[in-house]
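> this is the structure alone, sequence omitted:
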Ligand SMILES: *Cc1c(COP(=O)(O)O)cnc(C)c1O
């Protein structure tokens, strides 16, 4: 495999991207984390314990499901990688468990995390409960109101959820607050970052923990189709479910890898999170990557119907793979994502997370391009139960309430 496709280099660079742009006080802890991960990942016992947890606790391997009615509708042969069937309902638990195992191995008694929609917070609180570690989750106050049930979930799991009231009171501020905590408490505390983002070693470490998705999918598609897929499709927030699926296929150049970003209400600044369409290189929260910013380098606000895709920057490895021409990125609007959601519900009886619905929606939007023989794997990164209340109005909740009792 070409070295460029297996990065990062020792200092965490993916070509000109990645690296570690952090305060001086975090340099040594990040190096310690890098060494601890490097050793653990080579250690048979660590790998065995992680694998056993993934099997017995998360429920892996997740199925690769042939979606026959969806395939009929799209005019291609479509398989779904069922990360929605993971414990806690999304792929995030793979990474959270990996990092909590590592934290315990490093002798840390406390983990912290940031969360936007609450999915990563719930995954971290779950993994911390499983290993009896203290857990603190930083969350913007606005997000806490939007995702009140996830706040309750985390608290039931024994985590402390700390409201962040700075700035827009959403994910970006929550990350800054978690960083501040980490700087202060780094001796006792591990920071569980939720995606392939931030300073080295996070993009690399999270990719490795999530690559189980692609390794399973590769084995599964070879078993049932006898060949590699033509196309992999995944939604891209920070980019961890996409990297997890893509990574084990990167050396097979016939396999196209497509990431779908949040186009929100359209590509006007502030209305979307399409970093590849509208971002420029810059440094945000520890790494050099593509960032949505104005001419003065101010970070732009973002919008997406799905909180998990709603962020101004993207994982640095994606940017590098894109420059190398190995991966491609596109976006769909909120509207198309909702169409994807409905389509999967109606044809397969599966409610996807609104994030994953972007990938389905894109396949539907581009349906004229597909041939019957096209073999496609879509990463169904999570389940949609969390999003039902958001769609309630579209599906007549108001009308139901207005109905007089029978
Ligand atoms: C968090 C989340 C995402 C986006 O994060 P990535 O790191 O890009 O995978 C996508 N889907 C679901 C279900 C999520 O919870």
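Alright, I've got the coordinates. Being a predicted model, the structure only gives us computed values, none of them experimental. Residues are numbered from 1 along each chain as shown.
> tell me where this protein has strands.
Using DSSP state E, the strands of the chain run over residues 13-14, 17-18, 64-66, 77-82, 110-115, 134-140, 160-164, 189-191, 231-235, 256-264, 280-284, 287-291, 327-333, 375-380.
> pipe those strands into a markdown table and attach mean pLDDT, distance to the ligand and mean neighbour count per row.
All C-beta atoms are positioned from the backbone trio N, CA, C, and that covers glycine. Listed next are the strands of the chain as a markdown table, based on pLDDT from 0 to 100; distance: least, C-beta to the nearest ligand atom, whole Å; neighbours: other C-beta atoms under 10 Å:
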| stretch | mean pLDDT | distance to the ligand | mean neighbour count |
| --- | --- | --- | --- |
| strand 13-14 | 98 | 16 | 22 |
| strand 17-18 | 98 | 16 | 28 |
| strand 64-66 | 98 | 16 | 17 |
| strand 77-82 | 99 | 12 | 24 |
| strand 110-115 | 97 | 9 | 26 |
| strand 134-140 | 97 | 14 | 24 |
| strand 160-164 | 97 | 17 | 18 |
| strand 189-191 | 98 | 16 | 24 |
| strand 231-235 | 99 | 5 | 27 |
| strand 256-264 | 98 | 8 | 26 |
| strand 280-284 | 97 | 15 | 15 |
| strand 287-291 | 98 | 13 | 26 |
| strand 327-333 | 98 | 12 | 22 |
| strand 375-380 | 99 | 8 | 26 |
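> quick one: closest of those to residue 199.
If you check each of the strands of the chain against residue 199 by C-beta to C-beta, strand 287-291 wins as the nearest, at 6.0 Å.
> from the chain's centre, how far out does the closest one sit?
17 Å (C-alpha atoms, centre = their mean, to the nearest Å).
> got the angle between it and strand 327-333?
Angle, strand 287-291 to strand 327-333, by axes from the mean of the first three to the mean of the last three C-alpha atoms, to 10 degrees: 50 degrees.
> what's in contact with strand 287-291?
With contact meaning C-beta atoms under 8 Å, 6 or more residues apart in numbering, strand 287-291 is reached by 12, 16-21, 197-200, 203, 275-276, 279-284, 299, 312-316, 319.
> next, the angle strand 280-284 makes with that strand.
Using the same axes, to 10 degrees: strand 287-291 against strand 280-284 is 140 degrees.
> so which residue is smack in the middle of the protein?
The centroid of the chain falls nearest to residue 240 when counting by C-alpha atoms, centre = their mean (4.2 Å).
> and the stretch 301-406 of the chain, which of its residues are near the ligand?
Residues of the stretch 301-406 of the chain lying close to the ligand (C-beta under 6 Å from any ligand atom) are 308, 309, 353, 355, 356, 381, 382.
> no wait, the stretch 1-150 of the chain
90, 92, 119.
> what's the closest of these to residue 226?
Relative to residue 226, the closest of those is residue 90; by C-beta to C-beta it sits at 30.0 Å.
> can you count the residues close to the closest one?
Residue 90: 26 surrounding residues under other C-beta atoms under 10 Å.
> pull out the buried members of the contacts of strand 287-291.
12, 17-20, 197-200, 203, 275-276, 279, 282, 284, 299, 312-316, 319 (16 or more other C-beta atoms under 10 Å).
> which of those fall in helices?
Secondary structure from DSSP state H places 203, 275, 276, 316, 319 of those in helices.
> which of these sit farthest apart?
Checking these with C-beta to C-beta, the most distant pair is 203 and 276, at 16.4 Å.
> for residue 237, give me its contacts.
Going by C-beta under 8 Å, 6+ apart, the list of residues near residue 237 reads 195, 262, 273, 308, 309, 310, 311, 355.
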